[in-house]
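Undergrad: take this sequence and fold it.
(3 chains)
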Amino acid sequence: MPEISRDEVAHLANLARIDLSDDELDHLAPQLSVILESVASISGVAGDDIPPTSHALPLTNVFREDVVRPSLTPEQALSGAPAVDEQRFSVPRILGEEA
Amino acid sequence: MTLIHRTAAELADALAAGETTSVELTQAHLDRIAAVDGAVHAFLHVDAEGALAQAAESDARRAAGTLLSALDGVPIAVKDVLATEGLPTTCGSKILEGWIPPYDATVVSKLKAAGLPILGKTNMDEFAMGSSTEHSAYGATHNPWDLDRIPGGSGGGSAAAVAAFEAPLAIGTDTGGSIRQPGAVTGTVGVKPTYGGVSRYGLVALANSLDQAGPVTRTVLDSALLHEVIGGHDPMDSTSIDQPIPDLVAAAKQGAVGDLTGVRIGVISELAGDGWQPGVMTRFQESVDLLVKAGAEVVEVSCPNFVHAMAAYYLILPAEASSNLAKFDAMRYGLRVWPEGKPDASAEEVMRATRDAGFGDEVKRRIILGTYALSSGYYDAYYGQAQKVRTLIARDFEAAFEQADVLVSPTAPTTAFKLGEKLDDPIAMYLNDLATIPANLAGVPGISVPSGLAEEDGLPAGFQILAPALADDRCYRVGAALEAALVAQWGGPLLDKAPALEGASA
Amino acid sequence: MTDTLVAFDDVLAAYDPALGLEVHVELNTNTKMFCGCPAVFGGEPNTQVCPTCLGLPGAMPVVNAKAIESAIRIGLALNCEIAEWCRFARKNYFYPDMPKNFQTSQYDEPIAFEGYLDVEVDGETFRVEIERAHMEEDTGKSLHVGGATGRIHGADHSLVDYNRAGIPLIEIVTKPIQGMGEKAPAVARAYVSQLRDVILALGVSEARMDQGNLRADVNLSLAPKGSGVLGTRTETKNVNSFRSVERAVRYEMQRHAGILDAGGSILQETRHWHEDTGITTSGREKSDADDYRYFPEPDLVPVAPSREWVEELRGTLPENPLLKRARLQGDWGYTDLEMRDVVAAGAVGLIEETVAAGASPQAARKWWLSDLGRRANDAGLDITDLEVTPAQVAAVQALVDSGTLNDKLARQVFDGLLAGEGTPEEIVAARGLAVVSDEGALSAAVDAAIAANPDVAGKIRDGKVAAAGALIGAVMKEMRGQADAGRVRELVLEKLS
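TA: Presented below is the predicted three-dimensional model:
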């Protein structure tokens, strides 16, 4: 039976950039285990000979001509931004590697 | 009959006959919203000014003889998951509170191009995750049949708005049943078109490979009229089907005549049994009998892999959703929350704090689940398997459609349950979509038509009709035939039996 | 912390280097990879964005047909197989300059795979095997405000411009390249340089490293000599010139050896190349953050290029670079040594264009290799990144041929070109550089020089023509270089015969 530990949920939340509180972790981990248990039945249902389906309909080669379309105005583009400076999206300091 | 109780087709006729104006009937619906939406809470945002302005333009077009479509002037409500330029679009989430898109979804553009005034945006489970509309960050919608009960979900707002006569038409979206199941539990009609039949451009994706927008109405004919307005190819959506949609209005009219001679109806044996409410099954059998009476031939078909549909769905959906929802990160739009006591927090810390504060429990559950299903080491066992099961389900459909022209089942296993009853039991909640999910996995179209009231609780049940991809017209033909037979039997539309709501409070 | 570097020869005595190169090519399509926004460089911030490339909720991607065509042509030019069916995939990771927090890329189904590029180093040919070439989209650009200028560390906040987000990129990945020994740095440089020639010949990108149209990540590992295994690799980013590619490989070889010699082990990590100091520093360790959770992009349908289309595109390919080089050497009459220098300098394309613009092959080689090559080297630039075009070089040479300029003045015109002072003609006019062709003035200057240097004049009269140089020099000095030295010589010899 698949079980998902509290630590594993914390790790996944970290990957998904969600700051779960201890209470949330306590609450979510058992629920996720139950859900996972119910979907685990799927393993082994389809053999190697069954191709996966990623798209509901078998369309291919849908392309667009390389022709410019109007962009948004900068005002429109920035209209929803929490903070704007110098016609750019102002975001908190970025950690990590130097760009 | 008052204006608001008429069907969209009747309203279009009344407008054509000069019996009313778009402004008058738009105002009538705004008045109804003002009167009952406090109790129902179908709307997250009402745009009275915009709707009336669009109605006035429609009236001017009518006077000038330059109508845009058969539904020009008939107002509509739009699920809050579709981008509307200049109108708030929240997807029922705190994380998008106050976001006003700078563009229209293609469906919305088509509604505007067809002259339908937009009354407002309807409530939904947060990012369409749920089957009860209780997961809306802005409070639940109440079922007009019993305000203590759920209106279904995720599109409970659109279904309730139509059931409560707050709008003659609405747009819903259906990822695993979010149009059809609310239709079933509110006694309304809901259609999930063939995947790719209606543009998804501007539809805030839950699970891209499953999502499909469609009509929410009170009659089959109204759905056909609306479907023809919103359907068709869109170059902005790569998964949009580049061929004309079938003549759906003609199919609905043909069905309403009541002759189904030569039509083979397949009853899916896997979608019945334990856990199915007896009253729902009684209404289902009654509908099947009525179809036989109309000349249809009934066969029992087996779709053995449907038992795995739920599991496949709850892996594919969270996987796609976990990636789709990554864009809500406090950088470009929507909520930005700083971690407490950290004014110098980094972008990453702000992302984490915002996503914790802005997403509700169900969204977090599914993001974590989807992150798990896609992570290295688990992909093959979960996401990979789910996609293979998807192939098996599509093959089940293929085989079944060799034996039958349409497949039928009850839309949902039960009637509307009490608000709060399943809120903290995800699995019980997920089971509501048992019958609707397979169509999304295979991309085939489906309709839910009211089948009457369950004896044990007097609440509406739904009858689901599924057709092969691109054969949406079959849903309309059989649906309209069933609707005609049932309305004749009831002596009027099912919604005549719903409570009046005036003066009600939640 | 200072890294311990082992002398290059000592590295080679103990270890075999293996290289892997990942090159990103920014295509020169009119529009972005998945939307109709212009894919041009340098617009006002956030003016070339739409719901799709801004990652607004609800927006969807549609593939640019021209980008697919360019990707296939690049694949074919690199002798790759072209996929019969492939899909885009989402690469999931969070970064503020990536609007959707996933990059639409390709994962295990690249559009092109299993190819090679033969590169020439000092007359020897190395076959670099190509693992794959796949399509993806570029990110936005962040400006870091506060703290040290432009650096992430210590910044108060960042400002993001998404104009670049969604510009089509082709990522070309080699298989591990082994068996190069001491030539590893030169092979790396030659590969990137000759790959650029291919890209330019295809016309699918501006391919300027200094502008980021062409970006190279250098993977390097060392293995004990003769072991035949692959060691732990580091991936060095921010390598923005051919020269830096060579230097970064050399540096990493020396650094790895320092660690290994001391009994340490190499950390698999991203490193950053610093052009100014010529060293690499640690970026970040490869970690669980690299669980990219790839899955097929559900909003895009599979790409299945028909074989007819692929063959049609094969028909549009430019000449094979190696054969072309041999042909050009013949056409230009260069010796093997001259041609080798031209190839090593990455100047084949430049000379070809200069000759096409009217200059003689020898003149073109002279300017690009001796004069401009030295300037590029002094500035730490690749010759292709100099702000001088082949057409301008040809124009300068035309002025020399017509006698308007001499070589010395021509060099001053190049100074002007590099300083952005306008066209060669404008610079000649503005700087007053034209050779004095007023015979009277020239004759007077020669007479003055003869009068001032009677001893020298006497030697010339006695037949010691070689002494003329001193007089010519005096005249040129008097004329501040603006005289045709050939004409001065003629006048000197005439007057003293």
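
Undergrad: in the helix of greatest length in chain A, which residues are buried?
TA: In chain A, assigned by DSSP state H, the helix with the most residues is helix A:22-39. Using 16 or more other C-beta atoms under 10 Å in any protein chain shown as the test for burial, helix A:22-39 gives A:24, A:27, A:28, A:29, A:31, A:32, A:33, A:35, A:36, A:38, A:39. All C-beta atoms are positioned from the backbone trio N, CA, C, and that covers glycine.

Undergrad: equivalent analysis for stretch C:376-390, please.
TA: For stretch C:376-390, by 16+ other C-beta under 10 Å, it's C:376, C:381, C:382, C:383, C:384, C:385, C:386, C:388, C:390.

Undergrad: ok, back up a step: after the longest helix of chain A, next one along is what?
TA: The element immediately downstream of helix A:22-39 (helix or strand, assigned by DSSP states H and E) is strand A:63-64.

Undergrad: what pairs with that following strand, and is each one parallel or antiparallel?
TA: Sheet pairing of strand A:63-64 (DSSP bridges) gives strand C:63-64 (parallel).

Undergrad: and the helix or strand just after the strand it pairs with, anywhere near chain B?
TA: Using DSSP H and E, the helix or strand that follows strand C:63-64 towards the C-terminus is helix C:65-77. No: under the criterion of C-beta under 8 Å from any C-beta of the partner chain, helix C:65-77 makes no contact with chain B; the nearest approach is 12.0 Å.

Undergrad: residues contacting helix C:65-77, please?
TA: Identification of contacts with helix C:65-77 by C-beta atoms under 8 Å, 6 or more residues apart in numbering or on different chains yields A:63-66, C:25, C:27, C:29-31, C:33, C:81-82, C:111-113, C:115, C:133-135, C:168, C:170, C:172, C:198-199, C:201-202, C:204-205, C:303, C:305, C:309-310, C:313-314, C:316-318.

Undergrad: which helix or strand in chain A has the lowest average pLDDT?
TA: In chain A, no helix or strand scores lower on mean pLDDT, DSSP states H and E than helix A:22-39, which sits at a mean of 91.

Undergrad: that one: how far from the chain's middle?
TA: Relative to its chain's centre, helix A:22-39 lies at 19 Å (C-alpha atoms, centre = their mean, to the nearest Å).

Undergrad: circling back to that earlier point, between the buried residues of stretch C:376-390, which sits nearest residue C:457?
TA: Nearest to residue C:457, judged by C-beta to C-beta, of the buried residues of stretch C:376-390 is residue C:388 at 41.4 Å.

Undergrad: generate a ChimeraX selection restricted to the buried subset of the contacts of helix C:65-77.
TA: Applying 16+ other C-beta under 10 Å to these leaves a buried subset, and the ChimeraX line that selects it is:
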select /A:63,64,66 /C:25,27,29,31,33,82,111,112,113,115,133,134,135,168,170,172,198,199,201,202,204,205,303,305,310,313
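
Undergrad: what about the helix or strand of chain B with the lowest mean pLDDT, near chain A?
TA: Ranking every helix and strand in chain B by mean pLDDT, DSSP H and E puts helix B:426-430 at the bottom, with a mean of 86. Yes: Helix B:426-430 lies within reach of chain A by C-beta under 8 Å from any C-beta, at B:426, B:427, B:430.
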